[in-house]
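**Student:** Sharing a model prediction with you, sequence too.
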Amino acid sequence: MRARRWLEWVFIKEGFVNLFWNFHYAVILGIITLVLFLGVVTIGPALLALCSSMRLAAEGKAVRVGHYLREVKRLFIPGIVFSGILGFAAGSLYSNLYVLANTASAGYHGVAYLAIALVTVLLFFSIYYPFVALREPRILQIIVKSVFYTAEHFWDTIIHISLLYLLWRILAISPLVAAIVFLPLATYALNRFIVANNQVIDELDEKSARETGHG
């Protein structure tokens, strides 16, 4: 069985080279993103713009701060929706964990566990929201495409989340470095996964077109 594209050494090496030449921009964009986080509602637009900018790096293209700022403006409305999803998830998880920690009632515990499960599923299926949002014009299309993408790449998604958690644990040795570098590196890594998947899809389409042409 052939390894997945994003596990092939040639593809991984190419990714490290692309990241090396764009690492200084990744740090700069990480700082700008954290500054925009202070606006709370601008968390979503900042993340979407970061994902779009790191997609350029993942494709071996040059990253520019101007592109990031233009993407903040272009993806502002979908970003606000994404901010709402993240805010709802954070508030729900906090409140339900509070119930579990301070309430002895079995009934309340059951409701809290159910709510945590539902919110976890919401977050799981929106993990690719920022990445599929880049070229879709309508918010509903963005969310639907995100759910379908995550379901189609279910096991890949689990592996990706696990790898990002390990990355966070490694960077957490230095909280300041983690705060600045984690988001750009995480978005870059996920973009590389998607670039790999897109390459495979393009190759299959080309193969199908050749076979059809010969037929």
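**Tutor:** Sure, I can see it. Computed from a prediction, not measured in an experiment: that's the story for all the values here.

**Student:** So which bits of the strand or helix carrying Val27 are buried?
**Tutor:** According to DSSP states H and E, Val27 maps onto helix 9-37. By neighbour count with 16 or more other Cβ atoms under 10 Å, helix 9-37 contains the buried residues 11, 15, 18-19, 22-23, 25-26, 29-30, 32-33, 36. C-beta here means a position set from N, CA and C on the backbone, and glycine is covered the same way.

**Student:** show me where pLDDT drops low in this structure?
**Tutor:** 1-3, 213-215 (pLDDT under 70).

**Student:** Could you list which residues are in contact with the residue nearest in space to the middle of it?
**Tutor:** Residue closest to the average C-alpha location in the chain (Cα atoms, centre = their mean): Tyr128, at 4.9 Å. Listed by Cβ atoms under 8 Å, 6 or more residues apart in numbering, the contact partners of Tyr128 are Ser146, Tyr149, Thr150, Thr157, Leu190, Ile194.

**Student:** quick check: angle from the longest helix seen in the chain to helix 9-37?
**Tutor:** When the chain is parsed with DSSP state H, its longest helix is helix 175-214. With axes from the mean of the first three to the mean of the last three Cα atoms, to 10 degrees applied, the angle from helix 175-214 to helix 9-37 works out at 130 degrees.

**Student:** re the thing from before, wait, which of the contacts of Tyr128 is closest to Ile85?
**Tutor:** Ile85 has its nearest neighbour among the contacts of Tyr128 in Ser146, at 10.4 Å by Cβ to Cβ.

**Student:** Just the buried positions in the helix or strand harbouring the closest one, please.
**Tutor:** For Ser146, the element it lies in under DSSP H and E is helix 139-152. Taking 16+ other Cβ under 10 Å as the neighbour-count basis, helix 139-152 is seen to contain the buried residues Ile142, Ile143, Lys145, Ser146, Tyr149, Thr150.

**Student:** Could you name the helices and strands sitting against it?
**Tutor:** With contacts defined as 3 or more Cβ pairs under 8 Å, 6 or more residues apart in numbering; DSSP states H and E, the packing partners of helix 139-152 are helix 76-102, helix 106-125, helix 129-132.

**Student:** Relative to the whole chain's centre, how far out is the shortest one?
**Tutor:** If I follow you right, that is helix 129-132. Chain-centre distance of helix 129-132: 6 Å, with Cα atoms, centre = their mean, to the nearest Å.

**Student:** again, but for the first one
**Tutor:** In terms of Cα atoms, centre = their mean, the gap separating the centre of helix 76-102 from the centre of its chain is 17 Å.
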